[in-house]
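Pasting the sequence and the predicted model now:
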Amino acid sequence: MDDKILKKRPILVAASVGSSVRIYGDLITLETLKDFHRTLLHVLGESGADIIAFETIPSKVEAQAFAALLDEGDVEILRVSFNSKDGVNVVSGGDSIKECIALADVCEKVVAVGINCTSPRFMEGLVLEIGKVTSKPILVYPNSGERYDANRKSGL
């Protein structure tokens, strides 16, 4: 990388946090999600990372859990990205991407929002919708476009 670019854009280290995919059904509550993520966020908050990247958020309630944990003070800077099943909604709970982004947008500690682990064919529309509810930088990093076949346990 060009030395001039490095002087203008310092290197930041992000510690990544994924979703709570091990918690299902009626067990998913705001409190169980906060309990699930609290220790990890505390450890990552003290790790020396410049930013915490909460990625592949599947639902609004999980975003609410992270927003509540931000108020506890361990994490200073967070970037948040959701994943979408259809270009309109996040993958679980039937929550719209716009609702979820709007929730993250009001958190002062959230410096960027976006979409990840989603088919490339949905990205343009999602970015346009996300831009309607935030002025924060928008992150975009799609998956390969493959669909997962649960019966074969592989991508299509």
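In hand now; what should we look at? Residues are numbered from 1 along each chain as shown.

In terms of secondary structure, what does the helix ranked longest in the chain contact?
For the chain, the helix with the greatest residue count under DSSP state H is helix 30-45. Packing partners of helix 30-45 (3 or more Cβ pairs under 8 Å, 6 or more residues apart in numbering; DSSP states H and E): strand 14-17, strand 51-57, helix 60-71. (Glycine included, C-beta is placed from N, CA and C.)

repeat that with 6 Å
On a contact count with 3 or more Cβ pairs under 6 Å, 6 or more residues apart in numbering; DSSP states H and E, helix 30-45 meets helix 60-71.

hmm, who's touching the helix it packs on?
19, 30, 33-34, 41, 54, 57, 95, 99-100, 103-104, 107, 109 (Cβ atoms under 6 Å, 6 or more residues apart in numbering).

Return the set of buried residues in the helix or strand hosting residue 99.
Residue 99 belongs to helix 97-105 when assigned by DSSP states H and E. Using 16 or more other Cβ atoms under 10 Å as the test for burial, helix 97-105 gives 97-98, 100-105.

can you redo those residues as a markdown table with pLDDT?
A markdown table is the format used below for these (pLDDT from 0 to 100):
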| residue | pLDDT |
| --- | --- |
| 97 | 93 |
| 98 | 94 |
| 100 | 92 |
| 101 | 94 |
| 102 | 93 |
| 103 | 90 |
| 104 | 90 |
| 105 | 92 |
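
before we move on, back to that, now the helix holding residue 99, how far from the centre of its chain.
On the basis of Cα atoms, centre = their mean, to the nearest Å, helix 97-105 sits 11 Å off its chain's mean C-alpha point.

how deep is residue 107 tucked in, by neighbour count?
18 (other Cβ atoms under 10 Å).

how far away is the nearest residue to it once chain neighbours are set aside from residue 57?
Counting by Cβ to Cβ, 6 or more residues apart in numbering, residue 107 lies nearest to residue 67, which is 5.3 Å off, once chain neighbours are set aside. Noted for residue 67: a distance of 11 Å to residue 57, by Cβ to Cβ, to the nearest Å.

what does residue 47 give?
Taking Cβ to Cβ, one finds residue 47 at 20 Å from residue 57.
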